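can't give you the sequence, but here's the structure:
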């Protein structure tokens, strides 16, 4: 096993999110070649889950119905 530690300074939250998502793309690209990359850090799983959303908005919003009085 090989190990690398990255200390990133002077990066905004948006840049950090993009950086983590790009590392995840590299992780996925190397998987077919037998390379298993593990990424550890605070909030990384949450960032990757958010970045891999399919864009299906129906599961995130309330659908309006005729008998629903909240929308009248």
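Ah, there it is. Just so you know, these numbers come straight off a predicted model, no measurement behind them. Numbers count the residues shown, from 1 in each chain.

which element, helix or strand, includes residue 3?
Assessed by DSSP states H and E, residue 3 sits outside every helix and strand.

how many neighbours does it have?
Per other CB atoms under 10 Å, the neighbour tally for residue 3 reads 5. From N, CA and C alone the C-beta is placed, and that goes for glycine too.

can you pull the contacts of it?
Residue 3 is in contact with no residue at all, counting by CB atoms under 8 Å, 6 or more residues apart in numbering.

distance check, it against residue 39.
Residue 3 is 12 Å from residue 39, where distance means CB to CB, to the nearest Å.

pull the helix or strand with minimum mean pLDDT from the protein.
Using mean pLDDT, DSSP states H and E, helix 44-51 stands out as the lowest-scoring helix or strand of the chain, at a mean of 92.

packing partners of that helix?
Under the contact definition 3 or more CB pairs under 8 Å, 6 or more residues apart in numbering; DSSP states H and E, helix 44-51 sits against helix 13-30.

any idea of the angle the helix it packs on forms with helix 44-51?
Helix 13-30 and helix 44-51 are oriented at 90 degrees to each other (axes from the mean of the first three to the mean of the last three CA atoms, to 10 degrees).

model confidence over helix 13-30, on average?
In this model, helix 13-30 has an average pLDDT of 95.

residues contacting it, please?
The contact list for helix 13-30, computed with CB under 8 Å, 6+ apart, reads 8, 11, 37, 39, 41, 44, 47-48, 50-52.

who wins for neighbours among those residues?
If you count neighbours using other CB under 10 Å, the busiest of the contacts of helix 13-30 is residue 47, which has 20 neighbours.

what about the closest residue to that one other than its chain neighbours, how many neighbours?
Excluding the flanking residues, the one nearest residue 47 by CB to CB, 6 or more residues apart in numbering is residue 20, at 4.8 Å. Number of residues near residue 20 (other CB under 10 Å) recorded here: 19.
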